[in-house]
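1. Below is the sequence, then the predicted model.
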Amino acid sequence: MTADDKLLLARIEDKARQCSENSMITNSVFLDMHERSVASEMKVGFGGVRMFFYGGFNDAERTAAVFLPDYITENPTDYLDKYPEDDPIAVVEIEKDKFSPALGHRDYLGALMGLGIKREMTGDIIVTENGCKIAVLAKIAPFIAENLGKAGRGTLNAKIIPPSQAREGAKAVGTPDSFTVSSMRLDSVVKNAFRISRGDAAQAIESGIVFVNDIECTKPDKKITEGDKIVFRRKGRIIVNDCSSVSKKGRIIVEITRFQ
């Protein structure tokens, strides 16, 4: 564990302590997938406090560690949908002017940086044909909605919407696919799912940019099973739907859903 990882854990543990002492919801800043993987190893040593990772959107890659006091016993997102004033995350919906050029992830992120907003204050950016949806810490959402008027050469209009509404409108649509492998090793599945060489797959895994069920995995020989989610940063993610059938040549048939 690096010095940065230890500092991250100390900060997150402090948020858990605040939750316990003040009986209130607390949260970290947004974490990338490596930071989330580190944080997930932490044992919350404060009675009744629950930690969950939440990014506003379903299957968000950037999430905050959110701590719930012991009086909140229901499903965390159900509770936050019921009491949106307690939600630590808001979603800003951006619509670009119809005369503006096409804008991408980098344009919107650059516009946020231009307002002096640090990356850790923002989560995933879901780009749509007419704009985007951005998960942000709730405390800065009003500032963004009021001041984010330009991105690149585009003119923008921003408003705050509930994360529950954003989740409804941003459901990922996957593409079914299949391939065969000699074994369900992680490097073999990554090689075939993302159409790269076995060597490149092993290198990506060992360098820490492949995640299995949201946990960083650096072991190429990890066994993959039905239901596992694999995220390859900057390349996409897959869900393993089935791996129980065998081809005539004795290879395992892997059925997946692919998301970009």
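-> That came through, no problem. Numbering: from 1, shown residues only.
2. Tell me the bridge partners for I94.
-> C132, A158 (DSSP bridges).
3. who does K229 bridge with?
-> I239.
4. who does the longest helix seen in the chain touch, helix- and strand-wise?
-> If you go by DSSP state H, the chain has its longest helix at helix 3-22. Contacts defined by 3 or more C-beta pairs under 8 Å, 6 or more residues apart in numbering; DSSP states H and E place helix 3-22 against strand 26-31, helix 33-39, strand 63-68. Where you see a C-beta, it was placed from the backbone N, CA and C, and this is true even at glycine.
5. Lowest mean pLDDT across those, which one is that?
-> Mean pLDDT values for these show the minimum at helix 33-39, a mean of 93.
6. average pLDDT for the very next helix or strand once past it?
-> Going down the chain from helix 33-39, the next helix or strand is strand 50-54, by DSSP states H and E. Per-residue pLDDT values over strand 50-54 give a mean of 94.
7. between strand 50-54 and strand 63-68, what angle do the directions make?
-> If you take axes from the mean of the first three to the mean of the last three C-alpha atoms, to 10 degrees, strand 50-54 sits at 150 degrees to strand 63-68.
8. Okay, now the sheet partners of strand 50-54, with direction.
-> strand 63-68 (antiparallel).
9. what does the strand it pairs with rub up against?
-> Residues outside strand 63-68 that contact it (C-beta atoms under 8 Å, 6 or more residues apart in numbering): 12, 15-16, 18-19, 25-31, 36, 39, 44, 49-55, 76, 79, 88-89, 123, 137.
10. buried subset of those residues?
-> In the contacts of strand 63-68, burial by neighbour count holds for 12, 15-16, 18-19, 25-31, 36, 39, 44, 49-51, 53-55, 76, 88-89, 123, 137, counting by 16 or more other C-beta atoms under 10 Å.
11. Quick one: the strands in the stretch 51-200 of the chain, in order.
-> Secondary structure of the stretch 51-200 of the chain (DSSP state E, counting those that start in this stretch): strands at 63-68, 89-96, 122-128, 131-137, 150-151, 154-161, 175-181.
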